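Got a sequence here, can you model it:
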Amino acid sequence: MPAPAPAPAAPPAPAPAPAPAPAAPAPAPAAPAPAAPVQAQPRHQSSPEVRERLQAVGAIAQAISAEVQKVIIGKSHVIDNVLINILSNGNLLFEDYPGLAKTLMTNTFADALGCDFKRVQFTPDLLPADITGTNIYDAKKGEFTFKPGPLFCNLLL
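Residues are numbered from 1 along each chain as shown. Sure thing, here's the model as predicted:
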């Protein structure tokens, strides 16, 4: 039996195309011409009544700050932040080392604002009712009365 004929050879691979010549870098865009200065226009013109009320609030805030700074010395930035927080109806977290007047500052703000102040010392045995309050049975009346906890105050530390 004759041997099978060899398969025809594959045609040679085409030569790769020459790489294109590097293009010249594009010219940098021209710097824009400076614009004419624009006069800032206020978005809203406040009425004289609003300005008077803001000035009154500012005067009260300065008086409160001065009153607190009579007791707390050297922490004017903290006093300003506390005052901003109170005016904006926010909540504030004091974080500092022990003994650096957190309780004194809160108590002083409460005195300056005419508010009541309470403090909660968190301990492992503290229960929610210790903070919110509890119902206590009054045997004479034969009913429960609510005794509010320290949460029911103006300033709580």
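
quick check: domain ranges of the protein?
If you go by automatic domain parsing, the domain ranges for the chain are 49-115, 119-157.

And the average pLDDT for the shortest one is what?
Just to be clear, that refers to domain 119-157. Per-residue pLDDT values over domain 119-157 give a mean of 92.

Okay, and N135 sits in which element?
Taking DSSP states H and E as the definition, N135 sits inside strand 133-138.

For that strand, name the packing helices and strands.
strand 143-148 (3 or more CB pairs under 8 Å, 6 or more residues apart in numbering; DSSP states H and E). Heads up, the C-betas are built off the backbone N, CA and C, glycines and all.

if we can go back for a sec, any idea which of the domains of the chain is most buried?
domain 49-115 (a mean of 13; mean count of other CB atoms under 10 Å).

Off-centre distance for that one?
Centroid separation for domain 49-115 versus its chain: 18 Å, with CA atoms, centre = their mean, to the nearest Å.

Any idea how far apart the tips of that domain sit?
Terminal residues of domain 49-115 lie 28 Å apart, using CA to CA, to the nearest Å.

Thanks a lot, see you next time.
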